[in-house]
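Asks: Following is a predicted model, sequence given first.
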Amino acid sequence: MTGMSDAPCMSVVIPAYNEERRLPRGLHSVLDYLVSRDLASEIIVVDDGSTDRTFSLAREFGETVAKRTDKVLYRVVSNAANVGKGFSVARGLELALGERVLFTDADLSAPIGQADKLASWLDRGYDVAIGSRRLPDSEVDPQPFYRRLMGLLFGLLTSLIVIRGYRDTQCGFKMYKGKAAKAIASRQVMSGFVFDVEQLFLARRLGLKVVEVPVSWADDRETKVRVLRDPLKMGIGLFKIRIVHWGLGKEDLQ
């Protein structure tokens with residue numbers, strides 16, 4: 001861990017599972033962004049029980065942070081086993097100290113500079129700002145047909161089973177006010193890919209203000225979604241969200 005004297009204005013949470021190829025590049029980009037803003041900030045890498053060099057590379061990057069700045073708190077935590085991306089994101093949100101918390105995928109398919117877009121909506125009074133690849137002003141590299149089809153089907157199921165009103169629940173680029181991040185993460189139970197939907201469901205039930213924001217997105221072909229098995233698991237997960245949180249309401253937000 002590298003330290004600093006001030007409480008961070010922003011925390012950046014990066015879940016990582018077997019990301020030895022992509023993580024170092026992403027960390028350098030995040031650090032460049034935070035240093036350019038010259039604000040007290042924080043990076044939290046949550047290693048999800050990787051079997052490659054992800055954890056060791058993440059730890060080594062702490063030396064780079066320490067050499068460049070004393071305004072960025074840098075932490076690496078590791079799950080004892082591969083639990084799931086949702087669990088890792090929730091763990092990072094709960095650990096975050098920032099007034100605002102950004103969750104971003106390790107590959108930075110959405111360039112880190114677009115965090116400014118999300119932050120501008122929090123300035124306008126929203127509690128959560130989610131990046132979207134499916135709004136008219138979104139700029140997205142062409143995706144394979146099967147990825148587009150999966151996205152459309154999952155979006156339809158999400159609207160029918162859990163929550164309506166969002167074009168893109170699965171974009172790995174979301175920003176929360178610190179209190180909202182804690183309120184959502186502390187109630188989150190889904191550890192797999194449907195955690196994004198669960199977070200939006202929780203936000204709505206808790207009365208939090210959420211806005212969908214168009215972003216630029218360069219699709220990374222090195223996806224960890226398994227085409228044949230994961231859609232079924234995700235469909236089952238959507239039903240679980242409704243069952244687990246059926247009684248939650250605004251009065252539960254402390």
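Replies: Nice, I can see it. Residues are numbered from 1 along each chain as shown.
Asks: Just the terminal-to-terminal distance for stretch 170-179.
Replies: End-to-end span of stretch 170-179 (C-alpha to C-alpha, to the nearest Å): 22 Å.
Asks: Mind listing what's buried along it?
Replies: 170, 171, 172, 173, 174, 175, 176, 177, 178 (16 or more other C-beta atoms under 10 Å). The C-beta positions use only the backbone N, C-alpha and C, and glycine is treated the same way.
Asks: got it, and stretch 18-35?
Replies: 18, 19, 20, 22, 23, 24, 26, 27, 30, 31, 33, 34.
Asks: Kindly reformat the residues you listed as CSV containing distance to residue 96 and pLDDT.
Replies: Formatted as CSV, these follow (distance: C-beta to C-beta, whole Å; pLDDT from 0 to 100):
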residue, distance to residue 96, pLDDT
18, 23, 98
19, 19, 98
20, 24, 98
22, 22, 97
23, 19, 98
24, 22, 97
26, 18, 97
27, 17, 98
30, 14, 98
31, 17, 98
33, 17, 98
34, 14, 98
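Asks: returning to that earlier point: let's see which of the buried residues of stretch 170-179 end up in strands.
Replies: 173, 174, 175, 176, 177 (DSSP state E).
Asks: secondary structure class for residue 243?
Replies: At residue 243, secondary structure determined by DSSP: H, G, I helix; E, B strand; the rest coil is helix.
Asks: how much space between it and residue 36?
Replies: 45 Å (C-beta to C-beta, to the nearest Å).
Asks: elements contacting the helix or strand where residue 65 lies?
Replies: Residue 65 is part of helix 54-68 when elements are defined by DSSP states H and E. Helices and strands touching helix 54-68, by 3 or more C-beta pairs under 8 Å, 6 or more residues apart in numbering; DSSP states H and E, are helix 23-37, strand 41-47, strand 72-78.
Asks: Would you mind listing the buried residues in it?
Replies: 54, 55, 57, 58, 61, 62, 65.
Asks: and the fourth one, what pLDDT?
Replies: In the predicted model, residue 58 carries a pLDDT score of 98.
Asks: C-alpha coordinates for the longest helix anywhere in the chain, CSV please?
Replies: When every helix of the chain is counted residue by residue (DSSP state H), the longest turns out to be helix 145-161. Only the C-alpha atoms of helix 145-161 are listed here, as CSV (Å, rounded to 0.1, in the frame of the first residue of the first chain):
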residue,chain,number,x,y,z
PHE,A,145,-22.8,-10.6,-34.2
TYR,A,146,-23.1,-13.1,-31.3
ARG,A,147,-22.1,-10.4,-28.8
ARG,A,148,-24.7,-8.0,-30.1
LEU,A,149,-27.3,-10.8,-30.1
MET,A,150,-26.5,-11.8,-26.5
GLY,A,151,-26.7,-8.2,-25.4
LEU,A,152,-30.1,-7.7,-27.0
LEU,A,153,-31.5,-10.9,-25.5
PHE,A,154,-30.1,-10.2,-22.0
GLY,A,155,-31.5,-6.7,-22.1
LEU,A,156,-34.9,-8.0,-23.0
LEU,A,157,-34.8,-10.5,-20.2
THR,A,158,-33.6,-7.8,-17.8
SER,A,159,-36.5,-5.6,-18.7
LEU,A,160,-39.1,-8.4,-18.4
ILE,A,161,-37.8,-9.9,-15.1
